[in-house]
Structures are given as structure tokens and as C-alpha cells.
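**Q** Predicted model, plus sequence, below.
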Amino acid sequence: MRFINKALTGLLFASLSIGLLLFAGYEIKTAIGERMGREPRTPQVRERVFTVNVVTAQPETITPILEAFGEVQSRRTLDVRMAAGGQVVMLSDSFVEGGQVTQGELLVQFDDADAQSALSRAASDVIDATAEVEEAARAIILAQDELTAAMEQKDLRDRAFERQSDLAQRGVGTAASVEAAELAASSASQSVLSRRSAIDQAKARGANAKTRLARAELAKADAERRLLDTKLYAEFSGTLSQVTLVQGGLVSNNERIGSLIDPDALEVAFRISTEQYARLLDDAGKLIQADATVQLNVLGTDLESKAVLSRDSGSVAPGQTGRLLFAKVTEGRGLKPGDFVTIQVQEPELRFVQRLPSTSLDANNAVLVIGEGDRLEEVKVNLLRRQGDDVLVRSRDIVGRDVVAQRTPVLGSGIKVKPLNQAQPLTLEEPEMVELSQERRAKLVAAVEANTFIPKAAKERILGQLQKDKVPADVVQRLESRMGG
């Protein structure tokens, strides 16, 4: 009997389970049929609006800056060389690496004993030659006096011969007397010729003496120059570099012992492209005297100096392109020859141009502007210069219009955007302030002090606000809503 009751109970539960499963299957089938029989519902599509930063394109006059890299060099550099060789007996205290010297300062001196001896011998030769010239001059004067005496004697002999000839014609004199007078006159003529020859010899001796004197003076001048070559003086005020000489050393002829650099005559040599070079030419094709700024970065500190364009290279070196320009440094500050610097040259002014961020321009020189209904429009512009993170463009179609500052791949013509002008400052609305009565203030203070969930810093800040004459309305409203009052 007990077995039958349990069997019937099990059969009842099994029947109920099967019935529930069949009912559940029917409900699922009905729901699927209804779902399949419904018409597909299309969700409402909303247009996506992008927020973009914009800048207003305003025409202005801008001076572009051409930036290049160059090397500082001195326009006045002198190789320090000794014209004569010898042993160094004196060195200036300034003759060291980086020494500052003044014009005319004695830098190096050699042992000049041999040069002094040579100069003394040359001076003695000059004295001898001078005495020879004076003696030759006296000899000429003496020979001229002797010629005068000989000519006077010849005149006397000629008159005596004429007188004897006259006496012989009158029959008073003898033939022997006439012959003797004629021989005496002939001897006087011969003496005159001898004295004239002596004068010529004296003049030749004087010429030789003058030549010897000139040679002696030249030798003396050479000796003086060799003596001066034993000393080295500074040609101009400057700084010494690459000094290789020590006291007591031996130096050969024309040996380079250092370099003298004028620190006040510096210039910067830098290379630019031919296109950039064309911007620095005037209407006559000459290089303009543009102002420039030279910057030397030293451990994050920029040393700036003023400069001005002075000239360009006469030719293009083999294997090089562009143009090599030179800028004269007018106000050098901390610059040394050999420094690698950045130079910024001011180009001629550009009028009616717009300055835009470089991210607003695409590869086709086009920008996106805000059109009707805040939809984007693409406008072509003329790119003039790139200045760091900005570009200088020119276009009449964007004057006074808002240009998208940063272009992204999702932005294009016809897309609706929400513009944010970065140039307009953000204005923050001041919170509304209310005055509290003593009862209301005390009630709020008590509520805040009793609240254990508020952090200590926030509690102090709220209590400080409640102690003021006027309290922000939103703070009061928030506290009262939590208090339930």
C-alpha cells in the first residue's frame, strides 16, 4: 500500500513537470513567432557633431624670420711668425693661450748679439764710404783748381810764343827763341789735357764712392731690419691662440708660433638655399643689409648678439649648393671663433598675410573654414613661409573667417562642427551669493559639525564659507537638502 502511494505521488509530479515543460515551450514558440512577425524598427540616426578649435584669420604685416646655422669666425686673423730664426730670450707674460695683447706690445725677443755685430760693421762701412765720398769731392775741387792754373799757364805760354814770333818777323828775335816758345806753349796745352783727365778720374772716383756709400747704407738698413726681426710686436689688439712657443726654445725662419685674433671683428658664415637667398635680394639684385640675431646655446642658456648681413660668397664651392652668406657681428657677447650658432635673419616685410597654426594646413595647401550652419568648407591658400609651428599664408577667401586650428582625418568638407575660438578668453560666471540669518547659519554649522562622513579638509572649507557674510547659494542648497529642511 505504501509502495502504491509513493508510485502515484511520483507519477503526479512527473505529469506536472511534463505539463510545465510543454507550457514553457508553447510560450517560447509564441514569443518567437510574435518577434519574427514584427516589422523591423529602424533606430533614429543622429548626426555626429565634432568640437574643433578655430582661429580667426586676420590680415597683417609680418616680418618673416629666416633661421639657419653657421660658424663664428674672425674677419681679422694673423698668423704669428718670426721672420728670422734664433733662440728665445724673452717672452711677454701675455704670450699664452688666450692672452690679451695690445697693439705695439713686445711679445717675443731673440738673442740679438749677432745682429748687433752685423749692424755695427754695416755702420762702420757707411762711415768709410762717407769719408771716401768727401775725399773724392775734395779731389775734384783740387783737380779743377789745377786745371785753372794749367789754363792760365797755357795762356802765358801762348802769348810768349806770339811775342817771339812777332820779334822774329821783325828780325829782332832768333829762330831758336821762337822754337823754344812754341815748345813751351805745346807743353802747356798738354798739361791742360792732363788736368782735364784728372778731373774726369776724380769724378769717376766720386761716383764710385757714392755707389759704395749707397751699398753701405743698404747693408746697414738690412742689418737694422734683421735686428728688428729679432723682436716681435703685436700688429693689433687681440687675443692669442694656438701658442706653441716657450722661453729658451729655438725658432726657425718663418715658423708659425701662434695666431692673433681680433675679438671685436667677428662674423658668422652660414649657408642657405638659393630660394631663401632670392628673398634677401633687392630690386637691383644686391644683398640687402638685413638685421640678424646670433644665438649660442650654452647648457640651456642662450647668448644673443646683434649682427647685420655684410656679403655673400663669390662662387659656389665644388660639391656645395645654395649660397654662403656672411653676417657681421655688431654687438658680440660671449662669442668665440669656431662657435656653432643659430642665426635668425629678418626678411623683408610681407603685407596682407595671415598667420595660422601649421596643423591647420594640409599637403595640398588647403584649410578648413567654418561655413553656413557650422559646416566645414575647404579653401585653397597660398603658402608663403613656415615660421616654427606657424605658417604664413595669403588668401582673400579666409579673411575674417574662423579656420580649424588642428586638422584630423575625420574632418572634411561638409561636416558639422562646434567651433571653439581659442583667442576668446573663457569667462567664468560668479556663483550666486546669499545672506544668512543667525538662526539659519547656526543650524547649518551645527549640521556640518555633526556630520561624521564629511572629510576634515572639506568640513573646514565649508565652515569657513559659512562664517562669511555672504555664502554661495549652491552650498546652502546642498546642505539644506541633506538636512531635509
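**A** Nice, thanks for sending it over.
**Q** switch to C-alpha atoms for all contacts and neighbour counts from now on
**A** Noted.
**Q** which residues touch residue 269?
**A** Residue 269 makes contact with 70, 71, 72, 73, 324, 325, 326, 327 under the criterion CA atoms under 8 Å, 6 or more residues apart in numbering.
**Q** Can you report how many residues neighbour the third one?
**A** Going back to what we said before, that points to residue 72. Applying other CA atoms under 10 Å, we find 22 other residues in the vicinity of residue 72.
**Q** Over to the fourth one?
**A** The burial count assigned to residue 73 is 23, neighbours taken as other CA under 10 Å.
**Q** Apart from its chain neighbours, what residue comes closest to it?
**A** Distances taken as CA to CA, 6 or more residues apart in numbering place residue 337 nearest to residue 73, at 4.4 Å, with adjacent residues excluded.
**Q** repeat for the last one
**A** For residue 327, ignoring the flanking residues on the chain, the nearest one in space by CA to CA, 6+ apart is residue 309 at 4.1 Å.
**Q** give me the element the one you found is part of.
**A** strand 301-312 (DSSP states H and E).
**Q** What is the next helix-or-strand element following that strand packed up against?
**A** Per DSSP H and E, strand 301-312 leads on to strand 323-331 as the next helix or strand towards the C-terminus. Using 3 or more CA pairs under 8 Å, 6 or more residues apart in numbering; DSSP states H and E as the contact test, the elements touching strand 323-331 are strand 266-272, strand 301-312.
**Q** so of these, which one's packed in deepest?
**A** For the helices and strands packed on strand 323-331, the largest average neighbour count (mean count of other CA atoms under 10 Å) is found in strand 266-272, namely a mean of 22.
**Q** Run me through the strand neighbours of that strand, direction for each.
**A** In its sheet, strand 266-272 lies beside strand 65-74 (antiparallel), strand 323-331 (antiparallel), with partners assigned from DSSP bridges.
**Q** Flag every buried residue along the helix or strand that it is followed by.
**A** Later in the chain than strand 266-272, the nearest helix or strand by DSSP H and E is helix 274-279. Buried residues in helix 274-279, counted by 16 or more other CA atoms under 10 Å: residue 277.
**Q** Are there helices or strands packed against the helix or strand following helix 274-279, and which ones?
**A** Per DSSP H and E, the first helix or strand lying C-terminal to helix 274-279 is strand 291-298. With contacts taken as 3+ CA pairs under 8 Å, 6+ apart, strand 291-298 sits against strand 301-312, strand 340-346.
**Q** Kindly report which one of those carries the lowest mean pLDDT.
**A** Here these differ in mean pLDDT, and the lowest is strand 301-312 at a mean of 87.
**Q** And it, how far out from the chain middle?
**A** 4 Å (CA atoms, centre = their mean, to the nearest Å).
**Q** now do stretch 314-329
**A** Relative to its chain's centre, stretch 314-329 lies at 14 Å (CA atoms, centre = their mean).
**Q** try stretch 416-423
**A** With CA atoms, centre = their mean, you get 42 Å for stretch 416-423.
**Q** follow-up on the earlier one: of the strands paired with strand 266-272, which approaches residue 186 most closely?
**A** Residue 186 lies closest, by CA to CA, to one member of the strands paired with strand 266-272: strand 65-74, at 84.8 Å.
**Q** Show me this structure divided up by domain.
**A** Structural domains annotated on the chain: 114-228, 350-421, 433-483, as defined by automatic domain parsing.
**Q** can you list those domains in TSV and add mean neighbour count?
**A** Compiled in TSV, the domains of the chain are given as follows (neighbours: other CA atoms under 10 Å):
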stretch	mean neighbour count
domain 114-228	17
domain 350-421	17
domain 433-483	13
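**Q** Find the residue at the geometric middle of the protein.
**A** With distances taken as CA atoms, centre = their mean, the residue of the chain nearest its centroid is residue 268 (3.5 Å).
**Q** Without its sequence neighbours, what residue ends up closest to that one?
**A** Using CA to CA, 6+ apart, the closest residue to residue 268 is residue 72 (4.5 Å).
**Q** Same check on residue 98?
**A** residue 240 is the one closest to residue 98 (CA to CA, 6+ apart), at 5.1 Å.
**Q** From residue 405, how far off is residue 416?
**A** From residue 416 across to residue 405, the span is 16 Å (CA to CA, to the nearest Å).
**Q** Also residue 344?
**A** Note on residue 344: its distance to residue 405, by CA to CA, is 26 Å.
**Q** Let's have the domains of the chain in TSV, adding mean pLDDT and distance to residue 84.
**A** What follows is the domains of the chain, written out as TSV (pLDDT from 0 to 100; distance: least, CA to CA, whole Å):
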stretch	mean pLDDT	distance to residue 84
domain 114-228	77	7
domain 350-421	89	57
domain 433-483	80	88
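**Q** where are the low-confidence patches of the stretch 1-150 of the chain?
**A** Within the stretch 1-150 of the chain, the segments meeting pLDDT under 70 span 1, 3, 37-46.
**Q** what ranges do the strands span in it?
**A** Applying DSSP state E, counting those that start in this stretch to the stretch 1-150 of the chain gives strands spanning 50-56, 60-62, 65-74, 77-81, 86-91, 100-101, 106-110.
**Q** partner strands of the last one, parallel or antiparallel?
**A** Pairing partners of strand 106-110, with direction, according to DSSP bridges: strand 86-91 (antiparallel), strand 231-233 (antiparallel).
**Q** Which of the strands of the stretch 1-150 of the chain sits closest to residue 465?
**A** Here strand 50-56 is closest among the strands of the stretch 1-150 of the chain (CA to CA), at 36.7 Å.
**Q** for that closest one, which positions count as buried?
**A** 52, 53, 54, 55, 56.
**Q** On the three-state scheme, the residue nearest to the first one when sequence neighbours are not counted is what?
**A** Read that as residue 52. In this structure, residue 52 finds its nearest non-sequential neighbour in residue 419, 5.1 Å apart by CA to CA, 6+ apart. For residue 419, the secondary-structure state derived from DSSP: H, G, I helix; E, B strand; the rest coil is strand.
**Q** Can you list the residue ranges for helices in the chain?
**A** If DSSP state H is used as the criterion, the helices of the chain fall at 2-37, 113-169, 175-228, 274-279, 438-450, 456-466, 473-483.
**Q** closest to residue 289 out of these?
**A** helix 274-279 (12.4 Å).
**Q** any idea how far residue 324 is from the residue nearest to residue 268?
**A** Residue 72 is 13 Å from residue 324, by CA to CA.
**Q** I'd like the distance between residue 375 and residue 47.
**A** In terms of CA to CA, residue 375 sits 12 Å off from residue 47.
**Q** wait, residue 56
**A** 26 Å.
**Q** For the residue lying closest to residue 418 once chain neighbours are set aside, list the residues it contacts.
**A** Excluding the flanking residues, the one nearest residue 418 by CA to CA, 6+ apart is residue 51, at 4.5 Å. Taking CA under 8 Å, 6+ apart, we find residue 51 in contact with 417, 418, 419, 420.
**Q** any idea which of those residues is the one closest to residue 224?
**A** Using CA to CA, those come closest to residue 224 at residue 420, 85.9 Å.
**Q** Can you tell me the closest non-neighbouring residue to that closest one?
**A** residue 53 (4.8 Å).
**Q** I figured the one you found hits residue 408, correct?
**A** No: under the criterion of CA atoms under 8 Å, residue 53 makes no contact with residue 408, lying 11.4 Å away.
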